[in-house]
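Trainee: Need coordinates for the below:
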Amino acid sequence: MSDPDSRTDSQPTEGENERLASSDVGASDPTTEPLVDSSIDVDGSAASSGGENRTVIESKDLDVFYGDEQALRSIDIEIPAEQVTAIIGPSGCGKSTFLRCINRMNDLVDAARIEGELRFEGKNVYDDDVDPVALRRKIGMVFQHPNPFPKSIYDNVTYGLEVQGIDGDYDEIVEKALRRAALWDEVKGQLDSSGLDLSGGQQQRLCIARAIAPDPEVILMDEPASALDPVATSKIEDLIEDLAEEYTVIIVTHNMQQAARISDKTAVFLTGGELVEYDDTSKIFENPEHDRVEDYITGKFG
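Mentor: The predicted structure is shown next:
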């Protein structure tokens, strides 16, 4: 099986992905199916149940295909609120594909076909009455490579607010987002400077600030520290743990040590697009139930 996560022939670039994830541009993208002009309802029973173990994201018998090639097979998972869930596994096992299903970024891939259910706050996000644009306002995304826009730091943070028509005190929102992203003290005197002038680690934290400025409920992160040096990586990891106090964070990572350090739950995807094991992170790394998972974690394959 080839690597569906690394396909580039029909998938948008990371820059296009990030703009679409933070804006309503996707509503008019010619590669998407017609969108229903309706906001997702998160006021149902699942959303009001409360409790720190409340399930926010749930998939049931989820299959994903790229043309005739199956990337995910019968994925069943429940992801809890305000915790860090890590998704690990070898290249091509469907980790990023699953992440993109959560906020319907795979809608932007011509060849993609999704079967089964993926629920956010109890609502199947693939129902006809769900607007993917409204969904992406509630589920932000941070990509592998820092990708600030060629704008000022301030305008980078407000970008999603402006295109989504979100009102409010932008000065206050910018400061709050940059503080949450642990970047305010470093850039508060240079908000008019280009985001491209920042270091790689600062740029990634700027992208995180941009993702959280509209105040989503879930933050998806696709290997957010893989392109950074160890010092910047440590800052991102500290930030992820802090963000989980307010947000549900789902992170794809190839770094198993990173998953062990920062996550509460870990899902192990293996070759063939299978979710082989999902449990508390300590259980996965100390006493996995499946031999395939133990072999992967101990480096016998992958």
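
Trainee: quick one: pLDDT of residue 110?
Mentor: Residue 110 carries a pLDDT value of 88.

Trainee: Next, count neighbours for it.
Mentor: For residue 110, the count of nearby residues is 13 (other CB atoms under 10 Å). C-beta here means a position set from N, CA and C on the backbone, and glycine is covered the same way.

Trainee: So it versus residue 241, what's the distance?
Mentor: Relative to residue 241, residue 110 is positioned 38 Å away (CB to CB, to the nearest Å).

Trainee: do residue 280 as well
Mentor: For residue 280, the distance to residue 241 - CB to CB - is 16 Å.

Trainee: Spatially, what comes nearest to the residue most central in space within the chain if we skip its sequence neighbours?
Mentor: When the chain is reduced to its mean C-alpha position, the nearest residue by CA atoms, centre = their mean turns out to be residue 220, at 1.5 Å. Spatial nearest neighbour of residue 220, excluding adjacent residues (CB to CB, 6 or more residues apart in numbering): residue 141 at 4.5 Å.

Trainee: Buried residues in stretch 93-111, which are they?
Mentor: 93-109 (16 or more other CB atoms under 10 Å).

Trainee: Mind checking which of these land in strands?
Mentor: Judged by DSSP state E, strands contain none of those.

Trainee: Which of these fall within helices?
Mentor: 95, 96, 97, 98, 99, 100, 101, 102 (DSSP state H).

Trainee: if we can go back for a sec, could you list every helix and strand that the helix or strand that contains the residue nearest to residue 220 packs against?
Mentor: Assessed by DSSP states H and E, residue 141 sits inside strand 139-142. For strand 139-142, the packing partners by 3 or more CB pairs under 8 Å, 6 or more residues apart in numbering; DSSP states H and E come out as helix 14-21, helix 200-212, strand 218-222.

Trainee: Can you tell me the SS state at residue 167?
Mentor: coil (DSSP: H, G, I helix; E, B strand; the rest coil).

Trainee: and it, how far is that from residue 161?
Mentor: Counting by CB to CB - residue 167 and residue 161 are separated by 8 Å.

Trainee: These two: which is more packed in?
Mentor: residue 161 (21 against 6).

Trainee: now the more buried one: how far from residue 132?
Mentor: For residue 161, the distance to residue 132 equals 19 Å [CB to CB].

Trainee: Show me which of the ones in helices among the buried residues of stretch 93-111 is closest to residue 57.
Mentor: Of all those, residue 102 has the smallest distance to residue 57: 6.0 Å, by CB to CB.

Trainee: OK, contacts around that closest one?
Mentor: Contacts for residue 102 (CB atoms under 8 Å, 6 or more residues apart in numbering) come out as 57, 118, 120, 125, 139, 218, 220, 250.

Trainee: Mark which of the residues you listed are buried, thanks.
Mentor: 57, 118, 120, 125, 139, 218, 220, 250.

Trainee: so which strand or helix has the second one?
Mentor: In this structure, residue 118 sits in strand 112-120 according to DSSP H and E.

Trainee: Can you tell me which helix or strand of this structure has the lowest average pLDDT?
Mentor: helix 45-48 (a mean of 37; mean pLDDT, DSSP states H and E).

Trainee: Heading C-terminal from that one, find the next helix or strand.
Mentor: strand 55-66.

Trainee: Counting by contacts, list what that next one packs against.
Mentor: Partner elements for strand 55-66 (3+ CB pairs under 8 Å, 6+ apart): strand 69-80, helix 95-102, strand 112-120, strand 248-252.

Trainee: closest to residue 152 out of those?
Mentor: Of all the helices and strands packed on strand 55-66, strand 248-252 comes closest under CB to CB, at 27.0 Å.

Trainee: Would you mind getting the angle between the closest one and strand 218-222?
Mentor: 10 degrees (axes from the mean of the first three to the mean of the last three CA atoms, to 10 degrees).
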